[in-house]
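S.K.: from the sequence below, what's the structure:
(2 chains)
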Number of protein chains: 2
Amino acid sequence: MLPLEVMELAAEQLTNYNGCGMSVMEMSHRSKEFEEILHSAESNLREIMNIPDNYKVLFLQGGATLQFSMVPINLLRNSKKADYIVTGAWAKKAAEEAAKFGEIRVVASSEESNFTYIPEVKREDFTTDADYVHITLNNTIYGTRYPYIPDTGTVPLVGDLSSCILSDEVDVSKFGLIYAGAQKNIGPAGVLIVIIREDLIGFAGKDTPIYLDYAIHAKNDSMYNTPPTFGIYMAGEIFKRIKATGGVSALETINRQKAKKLYDYIDGSSLYSCPVAERDRSLMNVVFVTGAEALDKKFTSEAKAAGLHNLGGHRSIGGMRASIYNAMPMEGVDALIAFMKKFETENKGSMGEK
Amino acid sequence: MLPLEVMELAAEQLTNYNGCGMSVMEMSHRSKEFEEILHSAESNLREIMNIPDNYKVLFLQGGATLQFSMVPINLLRNSKKADYIVTGAWAKKAAEEAAKFGEIRVVASSEESNFTYIPEVKREDFTTDADYVHITLNNTIYGTRYPYIPDTGTVPLVGDLSSCILSDEVDVSKFGLIYAGAQKNIGPAGVLIVIIREDLIGFAGKDTPIYLDYAIHAKNDSMYNTPPTFGIYMAGEIFKRIKATGGVSALETINRQKAKKLYDYIDGSSLYSCPVAERDRSLMNVVFVTGAEALDKKFTSEAKAAGLHNLGGHRSIGGMRASIYNAMPMEGVDALIAFMKKFETENKGSMGEK
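M.R.: From the prediction side, this is the model:
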């Protein structure tokens, strides 16, 4: 979901941006108008995320998938070793991809329990001379979220924040590099944000595909080649709106209220349960089951018929998943709970039981 | 430029696509609605470009820049040799990037004459065992366009069609691979189209960054990771419109008329001249000069004041350049010629002379 008012503004400006007579989609990325859009998107993001001055902000393409390669290609700069904590399918893919480029150690994994919790990893558990440590802060499929930021000492921490960026306050200075696809909490698909500490830039090998070198993008302020102009414009409008409505802390307050209401209802229900360890529960993706596969399927299909879309769990684990990203209002959560109550009453004792 | 009616449709549908209650930007790329958008975009593109069945169509990110790497990484599959014809800055960049991955020979170049013509390269000039030959069909900065498709025998021909795709009819079967960024003749920035003959897929090395492997995208119908959904939707609307308005041949007819009118005026003028060899002139980018740098600058700035934007030549060559892509109507060309005539009258004999 995207905020309706941002989309309405985009629709209004689609053929005529700010009275300049052309669409953002028609602007040259070298025009003053677009440069101002890009500059303002960056400075607003810096402000709402409180990004320190010694970090570069890059707007790239290729999604988190391309970052799975770019991170090791750029950051395996000394020992060529890196540690990965595997908390889900995406973290695992990231680790597998990195193994093409260096010596990757899975320092902890919750796969044995189907990723229902976040492992507790301490400073002494990490490889002393690792070039970086990689984590996936929020795990959409399993509904988990790190309740702590691992202390990696002087080893740079890399975080995939694709599904939680701007949903709660994150101390950027604890990371060497943060990346996040925009399509979940920010704007349209096709924009990826990298926030990288400057001292980590410039270590890609000479034979690195040029688009995969952070230094190229940093040196050219994300304009080495034509950036995804319309997506950056949309992202920038979202940043403006967050700034104007109390910043990330206000969003975090609402997100905590939304998630608490839903988890409280699930925990108190006699039909539904959440398989995730309480302290590791995601604010963005609430996973729950009835305990009977057939009943889960019935739930998802009846919910869809009632206008509540996309409640099926990921095909790899089944069950249900409610994604309550920033743009989902409390009313959406209330509507879901109302439907869950009705379904619980109608199906109590019929098939599954907690 | 984009066709106004396509943008108006996009604006109208921005908050509510086809009555489904959500924006294309909000759809999951796994939704039936988006799958239909992607499928229809591909099938319409196949139809208007007459793409043979043994070619895959991929919608990717990263622009032509990423293709500069992906082409050699995927296609240097036997001899690890490739031939490049260098007809401009982009072709040169493509060749330089490819040299990271194999033995690249510049088989012909027009750099010595500042890229004002397209070299004539014959079949016997190419490396017999090259894995491919690369050309840049239209060269935006210099206003040139291949008047012929090089005969490379059995060696696959790779064409960068970024600035001329869908502007005139191209026989896809003469190419092994075509790539084109969408931002010039199709839609918004952030979508890149690859058309690849199936027998050329599957040769990327095991340690290729996963996003850079054509086989991954082909196997997953461009859905290995989240594609740039809104950009693909816009591109699809452009394809529909081309199909509904006479196809590419109709566009070619208009584009030839537009270009002829402008070149005829320039050639007949006593102030302006076009430095490009007549048979190699681009239908998309019309380059011209007055012969005096100061007068060129005056032209560009007065044109801008008169509402004719983006007429400055590329910073590397100066002069003027009128980009008359598909969406530029004949009226735009007429307005330009009217301004040029007025400027010619006002400045005749004052500074430059042909």
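S.K.: please count neighbours and contacts with C-alpha atoms only from this point.
M.R.: Will do.
S.K.: near chain B, which residues of chain A show up?
M.R.: Proximity of chain A to chain B (C-alpha under 8 Å from any C-alpha of the partner chain) is limited to residues A:1-2, A:4, A:7-8, A:10-12, A:14-15, A:25-27, A:60-63, A:65-66, A:69, A:97, A:100-101, A:187-190, A:206-211, A:225-230.
S.K.: residue A:271 contacts residue A:345, correct?
M.R.: No. Look at residue A:271 against residue A:345 with C-alpha atoms under 8 Å: they stay out of range, at 9.1 Å.
S.K.: tell me which of the two has more neighbours.
M.R.: More crowded of residue A:271 and residue A:345, by other C-alpha atoms under 10 Å in any protein chain shown: residue A:271, with 23 against 12.
S.K.: helix, strand, or coil at the closest residue to chain B within the stretch 51-200 of chain A?
M.R.: Closest contact between the stretch 51-200 of chain A and chain B, by C-alpha to the nearest C-alpha, is at residue A:190 (4.3 Å). Three-state call for residue A:190 (DSSP: H, G, I helix; E, B strand; the rest coil): coil.
S.K.: quick check: closest non-adjacent residue to it.
M.R.: residue B:228 (4.3 Å; C-alpha to C-alpha, 6 or more residues apart in numbering or on different chains).
S.K.: tell me how many other residues surround the one you found.
M.R.: Burial measure for residue B:228: 28 neighbouring residues, criterion other C-alpha under 10 Å.
S.K.: go on, residue A:239?
M.R.: Residues within reach of residue A:239, counting by other C-alpha under 10 Å, total 27.
S.K.: residue A:146 now?
M.R.: For residue A:146, the neighbour count with other C-alpha under 10 Å is 20.
S.K.: excluding chain neighbours, what is closest to it?
M.R.: Nearest non-adjacent residue to residue A:146, counting by C-alpha to C-alpha, 6+ apart: residue A:137, 5.5 Å away.
S.K.: you'd agree the one you found is up against residue A:161?
M.R.: Yes. In terms of C-alpha under 8 Å, residue A:137 counts as a neighbour of residue A:161; the distance is 5.7 Å.
S.K.: in terms of secondary structure, what does the longest helix along chain A contact?
M.R.: Looking across chain A with DSSP state H, the single longest helix is helix A:247-268. On a contact count with 3 or more C-alpha pairs under 8 Å, 6 or more residues apart in numbering or on different chains; DSSP states H and E, helix A:247-268 meets helix A:32-49, strand A:285-288, helix A:330-347.
S.K.: which SSE is residue A:100 in?
M.R.: Using DSSP states H and E, residue A:100 sits within no helix or strand.
S.K.: next, the contact list for it, please.
M.R.: Taking C-alpha atoms under 8 Å, 6 or more residues apart in numbering or on different chains, we find residue A:100 in contact with B:206-208.
S.K.: which of the residues you listed come close to chain A?
M.R.: The residues of those that also fall near chain A, by C-alpha under 8 Å from any C-alpha, are B:206-208.
S.K.: circling back: gap between the longest helix of chain A and the chain center?
M.R.: Centre-to-centre, helix A:247-268 and its host chain are 17 Å apart (C-alpha atoms, centre = their mean, to the nearest Å).
S.K.: okay, buried residues for that helix please.
M.R.: Buried positions in helix A:247-268, judged by neighbour count with 16 or more other C-alpha atoms under 10 Å in any protein chain shown: A:247-252, A:254-256, A:258-259, A:262-263, A:265-266.
S.K.: how about stretch A:149-158?
M.R.: For stretch A:149-158, the neighbour count (16+ other C-alpha under 10 Å) marks A:149-152, A:155-158 as buried.
S.K.: give the closest residue to the closest residue to chain B within the stretch 1-150 of chain A in space, chain neighbours not counted.
M.R.: Chain B sits closest to residue A:11 of the stretch 1-150 of chain A, with a gap of 4.4 Å, by C-alpha to the nearest C-alpha. Residue nearest to residue A:11 in three dimensions, not counting chain neighbours: residue B:11, with 4.4 Å by C-alpha to C-alpha, 6+ apart.
S.K.: hmm, back to that, tell me the one of the contacts of residue A:100 nearest chain A?
M.R.: Taking C-alpha to the nearest C-alpha as the measure, chain A sits nearest to residue B:207 out of the contacts of residue A:100, at 5.3 Å.
S.K.: for the closest one, which residues are in contact?
M.R.: By C-alpha under 8 Å, 6+ apart, the neighbours of residue B:207 are A:100-101.
S.K.: same check on the one 5 residues further on?
M.R.: In this structure, residue B:212 makes contact with B:70, B:73, judged by C-alpha under 8 Å, 6+ apart.
S.K.: any idea how far residue A:192 is from it?
M.R.: According to C-alpha to C-alpha, to the nearest Å, residue B:212 and residue A:192 sit 17 Å apart.
S.K.: repeat for residue A:72
M.R.: Residue A:72 sits 17 Å away from residue A:192, going by C-alpha to C-alpha.
S.K.: which of those two has more neighbours?
M.R.: Ranked by neighbour count (other C-alpha under 10 Å), residue A:72 and residue A:192 place residue A:72 first, with 27 against 24.
S.K.: what does the strand or helix carrying that one contact?
M.R.: Per DSSP H and E: residue A:72 is located in helix A:63-75. For helix A:63-75, the external contacting residues (C-alpha under 8 Å, 6+ apart) are A:93-95, A:97-98, A:101-102, A:131-132, A:160, A:162, A:179-181, A:190-192, A:200-205, A:208, A:212-214, B:209-211, B:225-226.
S.K.: direction included, what does the helix or strand that it is followed by pair up with?
M.R.: Where DSSP H and E defines the elements, the next helix or strand beyond helix A:63-75 is strand A:81-86. Take DSSP bridges as the rule and strand A:81-86 pairs in its sheet with strand A:103-109 (parallel), strand A:132-136 (parallel).
S.K.: what is the burial count for residue A:169?
M.R.: Using other C-alpha under 10 Å, residue A:169 has 18 neighbouring residues.
S.K.: tell me the contacts of it?
M.R.: Residue A:169 touches A:49, A:248-249, A:252, counting by C-alpha under 8 Å, 6+ apart.
S.K.: what about the helices in the stretch 151-300 of chain A?
M.R.: Secondary structure of the stretch 151-300 of chain A (DSSP state H, counting those that start in this stretch): helices at A:214-219, A:229-244, A:247-268, A:293-305.
S.K.: who are the packing partners of the first one?
M.R.: It refers to helix A:214-219. Helix A:214-219 sits against strand A:55-60, with contacts defined as 3+ C-alpha pairs under 8 Å, 6+ apart.
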